[in-house]
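> got a predicted structure here, sequence first:
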Amino acid sequence: MFYVVRVASKQERVVSLILEKKARNEGLKVYSIFVPENVKGYIFVEVDEESTALSLINGVKYVKGLLKSVISFEEVKNMLTIKEAEEEKINIGDIVEITTGPFKGENAKVTQIDEIKREYVVLPLDVAISLPIKLKASSLKLVKKQGEQ
């Protein structure tokens with residue numbers, strides 16, 4: 001059964017990682033933790049009993065509570081989105097094109113990656129003063145992998 005956990009908006013991924021770690025450390029019987037991208041402020045946990053879900057969320061930062069209603073796998077399945085094509089992995093040192101914002105169309109080099117937030121710190125290449133910029137993955141397009149000519 002899937003239980004719905006209310007969390008602070010934009011903290012869904014952080015909370016899911018905390019819940020995963022807590023479940024492993026305490027030996028809780030948690031089958032899955034699901035963070036839908038199109039539903040903000042909620043996480044779904046698959047457990048056998050409500051008491052397990054309550055133990056899991058007890059004392060976790062950013063958790064606002066547990067909804068009393070249980071949802072079925074079919075309802076969760078409808079929330080899943082299927083990606084058409086797997087996006088190419090961007091690594092540190094790769095050259096990317098910025099696709100949004102004031103630096104749109106500029107090439108930049110990736111210097112840092114935050115995989116949880118899917119944010120990249122890049123340095124624009126063809127500008128007078130190169131300042132680091134933090135951008136989401138959706139704002140970047142891979143141009144050249146590190147080491148390619």
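Structure received.
> tell me which strands and helices the helix or strand of the chain with the lowest mean pLDDT is in contact with?
Ranked by mean pLDDT, DSSP states H and E, the weakest helix or strand in the chain is helix 73-79, scoring a mean of 77. Helix 73-79 sits against strand 2-7, with contacts defined as 3 or more CB pairs under 8 Å, 6 or more residues apart in numbering; DSSP states H and E. All C-beta spots, glycine's among them, are computed from the backbone N, C-alpha and C.
> pull out the buried positions in the strand it packs on.
2, 3, 4, 5, 7 (16 or more other CB atoms under 10 Å).
> coming back round to it: what's the first helix or strand after the least confident helix or strand of the chain?
strand 95-98 (DSSP states H and E).
> dump that following strand to PDB, restricted to CA.
Coordinates of each C-alpha in strand 95-98 appear next as PDB, following Å, rounded to 0.1, in the frame of the first residue of the first chain:
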ATOM      1  CA  ILE A  95      31.500  21.600 -22.700                       C
ATOM      2  CA  VAL A  96      27.800  22.500 -22.700                       C
ATOM      3  CA  GLU A  97      25.600  25.100 -24.500                       C
ATOM      4  CA  ILE A  98      23.500  27.300 -22.300                       C
END
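> which residue of this protein sits farthest from its center?
residue 128 (33.6 Å; CA atoms, centre = their mean).
> how near is it to residue 102?
14 Å (CB to CB, to the nearest Å).
> cool, residue 30 as well?
From residue 30 to residue 102 the distance is 44 Å (CB to CB).
> between the two, which one's more packed in?
Set residue 30 next to residue 102 and count neighbours by other CB atoms under 10 Å: residue 30 wins out with 20 against 7.
> find the nearest non-adjacent residue to the more buried one, please.
In space, and not counting its chain neighbours, residue 30 is closest to residue 23: 4.1 Å by CB to CB, 6 or more residues apart in numbering.
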